[in-house]
Structures are given as C-alpha cells and as structure tokens.
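J.: coordinates only, sequence not included:
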C-alpha cells in the first residue's frame with residue numbers, strides 16, 4: 001500500500017532531500033504523481049565516479065525557485081568550464097549552501113570560479129575541498145557568508161587568501177586544513193566577526209627552526225573557540241581574545257607558542273600540547289581558566305601555568321602523540337602551593353600513567369597540597385602488567401592527602 005503519495009508536497013520534498021539526487025530522481029518511475037516531484041527538490045547532492053553531463057541536465061530540468069544546497073563530489077577529471085557553469089547556475093538560483101570537492105588524484109587544474117560567486121548575496125555556507133583557486137577579483141563581498149571551509153585548498157598566492165577572508169563581513173566559523181606544500185606560505189586570518197576558528201596544518205617536510213617562511217597570522221578578537229593543530233608551521237596572534245571560551249592548541253617543538261598563548265588568557269577551557277622554546281617568560285594570568293588538559297610531552301607547562309590559574313578546577317594529563325612516552329616529565333616542586341591547589345582544584349585525571357619517578361612526584365605533590373581535591377583518577381598505560389599496576393597503586397594510595405574528601409581511583 002502506498003502511504004507516501006498522499007502526503008503533502010512539502011513533506012515529500014523534505015523526504016527526497018535526504019538521499020543522493022540520483023536516488024531521488026528514480027522516484028519519477030513510480031507513477032505519474034511522482035514524475036516531476038524530484039524537479040522541485042531544493043538540493044543537489046551528487047557523487048560522480050566518472051565524467052557525466054548529469055549535473056548540467058539536473059540544473060536545466062530543475063524547477064525549484066531556490067537551490068538551497070549544492071554538494072558535488074568529483075572523482076575523476078571534469079572540464080573546468082563545466083564546473084564554472086555549475087557554480088554560475090547555482091548562484092543564479094540563490095544557493096545558500098555550496099560544497100565542491102575535487103579529487104586531487106585525478107585533477108589539480110586551477111578552478112576559476114565565476115565572478116558572480118564572489119558577490120553572491122544568498123550564500124551562507126561555502127565548502128571547498130582539494131581545489132586550486134586563482135584569479136580572485138579585486139572587488140568581492142560575501143554579505144551573508146557565515147561558515148567557510150577551506151580543506152586542502154591551494155591558492156595562487158598569500159594575498160588572494162587575505163583578500164578572500166577580508167571580504168566576509170559576517171563570517172562566524174572558519175576551518176582551514178593544509179596538508180601539502182603549495183603556493184601559500186603565510187595564511188593571514190583577520191576577520192573581526194569570527195567566533196570559531198579551526199586550523200589544521202599537516203604540511204609535510206622539514207622547517208629549520210627560526211625560519212619564518214611557513215605559518216599563520218591570526219587577528220580575530222571576537223573568537224569564542226580556537227583549535228590549532230600544526231606539525232610544522234608557526235602560529236601567532238596579533239590581538240587578545242577576550243571572549244574566548246575554549247582553546248585546543250597543538251604546536252610543533254620548534255614553534256614559539258608564546259606568540260599565541262599570551263593571547264589566550266581569557267579562555268575557560270584549555271587543551272595544550274606545545275613545548276615552550278623558553279621557560280622563563282611570563283604568560284599572564286589565566287583568571288577564567290577552570291579546565292586544563294596537558295599533553296605529557298610538555299609537562300613543563302604544569303609549573304608555568306599552575307601559578308597563573310587561580311580558579312582552576314579540573315586538571316588532566318594525557319599524551320597525544322606516540323613519542324610522548326620517550327619524553328621525561330619535567331617537574332620542579334614549588335616552595336609554596338599555588339593558589340588553585342589551596343582553594344579551587346577539585347578533579348585530577350592522569351591517562352596512560354607509567355609510574356615514572358617524575359610522574360609519581362607530580363601526583364604525590366597534588367595529593368599532598370590540594371586542599372579542595374574531590375577526585376584523583378589514575379589510568380595506567382594499557383600495556384602495564386598487573387604486578388607493575390599493584391606497585392604503582394601501593395605507592396600512590398599511601399600518600400598523605402591534604403583533602404579528607406578526596407576519592408582516589410586507580411585502574
């Protein structure tokens with residue numbers, strides 16, 4: 001029994017917007033009632049394993065007044081002129097969400113996006129994957145663009161990236177992923193309205209320490225969330241971020257993390273994997289920090305930051321790289337306990353604990369000096385045998401605790 005056909009057209013169009021466009025078109029074979037329904041679906045979701053005129057045909061037959069979403073994934077070579085036509089038609093249909101994924105193994109030809117795209121008033125979300133962008137006009141503006149994804153996109157020059165980002169007056173969410181050696185060396189992100197920034201730089205190769213050829217410059221004063229993961233490049237911020245709530249930072253050993261960290265003192269939640277280039281410089285006080293997660297490869301931050309976090313409540317240690325196991329924990333006991341240990345620290349967790357002398361000293365110090373500690377959780381490295389686990393447990397459980405309400409857990 002056909003229970004779908006009697007449904008209102010709006011509901012049927014909503015249902016047909018979920019499957020790929022090719023699947024939606026097959027419903028035209030069901031009956032006369034369904035023959036033209038797919039033409040009014042406001043989405044184009046197409047994966048092309050080979051060259052095909054499918055997209056052109058769809059756009060020609062499409063009758064919806066607005067094309068809400070166009071998502072095109074190309075697995076093989078397509079003519080740049082065809083792709084430019086698709087973009088032009090999508091803009092003419094008032095597209096709001098546009099995603100273009102070009103397979104880098106089949107084509108690395110430069111895509112000259114139509115000039116109409118750079119002034120598209122309806123575009124809210126733009127995602128470009130594995131594309132090469134050149135010939136960006138001098139006059140551009142994305143008046144409605146709020147979300148931008150540049151994933152493995154290469155531009156013809158540094159200046160073009162800056163020009164593109166500077167013409168997004170309401171941009172709120174930006175993600176940049178770089179994993180190859182392209183034309184762009186320094187990516188400058190200066191967007192006053194930006195609230196969420198994700199930078200993932202997996203660029204391969206080797207950079208000599210002190211070489212400033214590859215990196216990111218950030219000037220985003222309205223950020224609330226910042227994620228930076230870089231294997232090679234340096235990252236620096238030119239402004240403080242007073243509205244920052246969450247920051248996740250992973251920088252290479254040769255990077256100078258001071259240029260970034262000193263602008264993050266307003267954050268409430270910080271995850272950090274970065275070995276400082278020097279251990280003596282002031283960081284500023286993290287007045288609002290309540291949660292700190294440290295990679296064990298950079299435990300020296302424990303000494304530096306603990307004195308600067310008067311309201312810290314949650315402290316976690318966890319290695320984020322396989323080679324962290326080979327790096328000794330650097331720890332120097334302070335003459336007097338930091339303010340957060342006396343008045344605010346409530347939870348400590350250590351993941352992949354190995355029982356090394358330096359690790360044991362840190363845990364024992366926290367137990368002996370944290371007057372408000374409610375829970376200490378130690379999770380041993382998975383490969384640790386039962387005998388070693390028992391020895392670790394005996395060493396730590398016998399430590400005198402400053403807080404009578406502290407619950408100690410070892411697994």
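T.: Yes, it's here. These numbers were taken from a predicted model, which means no experiment stands behind them.

J.: got a list of what residue 164 touches?
T.: Contact analysis of residue 164 by Cβ atoms under 8 Å, 6 or more residues apart in numbering lists 136, 140, 155. Glycine gets a C-beta too; all of them are placed from N, C-alpha and C.

J.: what's the closest of those to residue 357?
T.: Of all those, residue 155 has the smallest distance to residue 357: 49.9 Å, by Cβ to Cβ.

J.: now that closest one. Its backbone dihedrals?
T.: Residue 155 adopts backbone torsions of phi -110, psi 160, taken as degrees, to the nearest 10.

J.: what's the following helix or strand after whichever strand or helix holds residue 165?
T.: When elements are assigned from DSSP states H and E, residue 165 belongs to helix 158-166. Using DSSP H and E, the helix or strand that follows helix 158-166 towards the C-terminus is strand 173-178.

J.: between that following strand and helix 158-166, how many degrees?
T.: Inter-element angle recorded for strand 173-178 and helix 158-166: 160 degrees (by axes from the mean of the first three to the mean of the last three Cα atoms, to 10 degrees).

J.: which outside residues touch strand 173-178?
T.: With contact meaning Cβ under 8 Å, 6+ apart, strand 173-178 is reached by 146-152, 165, 184, 187, 189, 191, 194-203.

J.: please flag which of those sit within helices.
T.: Mapping the contacts of strand 173-178 onto helices (DSSP state H) picks out residue 165.

J.: please check the contacts of strand 173-178 and keep the buried ones.
T.: Among those, the ones that count as buried by 16 or more other Cβ atoms under 10 Å are 146-152, 165, 184, 187, 189, 191, 194-201.

J.: and the helix holding residue 165, what's buried?
T.: So, applying 16+ other Cβ under 10 Å, buried residues of helix 158-166: 160, 161, 162, 163, 164, 165, 166.

J.: in CSV, list these along with pLDDT and distance to residue 72.
T.: Formatted as CSV, the buried residues of helix 158-166 follow (pLDDT from 0 to 100; distance: Cβ to Cβ, whole Å):
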residue, pLDDT, distance to residue 72
160, 88, 22
161, 89, 23
162, 89, 27
163, 88, 25
164, 91, 20
165, 92, 23
166, 90, 27
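
J.: for the residues you listed, which one is nearest residue 345?
T.: Distance to residue 345 across the buried residues of helix 158-166 (Cβ to Cβ) is lowest for residue 165, with 39.8 Å.

J.: give me every residue that touches the closest one.
T.: Residue 165 is in contact with 148, 171, 174, 188, 189, 190, 191, counting by Cβ under 8 Å, 6+ apart.

J.: let's go with 10 Å and repeat that
T.: By Cβ atoms under 10 Å, 6 or more residues apart in numbering, the residues touching residue 165 are 142, 148, 150, 171, 174, 176, 187, 188, 189, 190, 191, 194.

J.: count the residues that sit near the fourth one.
T.: It stands for residue 171. Here the number of neighbours of residue 171 (other Cβ atoms under 10 Å) works out to 24.

J.: what of the fifth one?
T.: Per other Cβ under 10 Å, the neighbour tally for residue 174 reads 23.

J.: and it, how far from residue 198?
T.: Distance, residue 174 to residue 198, by Cβ to Cβ, to the nearest Å: 7 Å.

J.: residues shared between the contacts of these two?
T.: Counting by Cβ under 10 Å, 6+ apart, the residues touching both residue 174 and residue 198 are residue 149.

J.: might one say that residue 295 is in contact with residue 229?
T.: No - here residue 295 does not reach residue 229: they are 11.8 Å apart, not a contact under Cβ atoms under 10 Å.

J.: which one's more surrounded, the two?
T.: When neighbours are counted by other Cβ under 10 Å, residue 295 comes out ahead of the other of residue 295 and residue 229, with 22 against 17.

J.: leaving out chain neighbours, which residue sits closest to the more buried one?
T.: Using Cβ to Cβ, 6 or more residues apart in numbering and skipping residues adjacent in sequence, the residue nearest residue 295 is residue 273, 3.5 Å away.

J.: so what's residue 369 up against?
T.: Residues in contact with residue 369, defined by Cβ under 10 Å, 6+ apart, are 333, 334, 336, 337, 338, 341, 342, 345, 401, 402, 403.

J.: quickly note the distance from the fourth one to residue 345.
T.: The spacing between residue 337 and residue 345, counted by Cβ to Cβ, is 10 Å.

J.: neighbour count winner among those two?
T.: Taking other Cβ under 10 Å, residue 337 and residue 345 do not tie; residue 345 has more neighbours (28 against 20).

J.: secondary structure class for the nearest residue to residue 55 once chain neighbours are set aside?
T.: Among residues not flanking residue 55 along the chain, residue 86 sits closest, at 5.4 Å (Cβ to Cβ, 6+ apart). Of the three states, residue 86 takes helix under DSSP: H, G, I helix; E, B strand; the rest coil.

J.: ok, residue 86 - contacts?
T.: Neighbouring residues of residue 86 by Cβ under 10 Å, 6+ apart: 44, 46, 55, 56, 58, 59, 70, 72, 78, 98, 100, 114.

J.: how close does it get to residue 70?
T.: Between residue 86 and residue 70 the computed distance is 7 Å (Cβ to Cβ).

J.: so what's in contact with those two at the same time?
T.: The contact sets of residue 86 and residue 70 overlap at 44, 46, 55, 58, 59, 98, 100 (Cβ under 10 Å, 6+ apart).

J.: thinking again about what came up before, closest to residue 20 among the buried residues of helix 158-166?
T.: Set against residue 20, the nearest of these by Cβ to Cβ is residue 164 (29.8 Å).

J.: next one: that closest one from residue 89, what distance?
T.: 22 Å.

J.: residue 366 reaches residue 376, doesn't it?
T.: Yes - Residue 366 is within contact range of residue 376, at 7.1 Å (criterion: Cβ under 10 Å).

J.: what touches both of the two?
T.: Jointly contacting residue 366 and residue 376 under the rule Cβ under 10 Å, 6+ apart are 315, 348, 350, 399, 401, 406.
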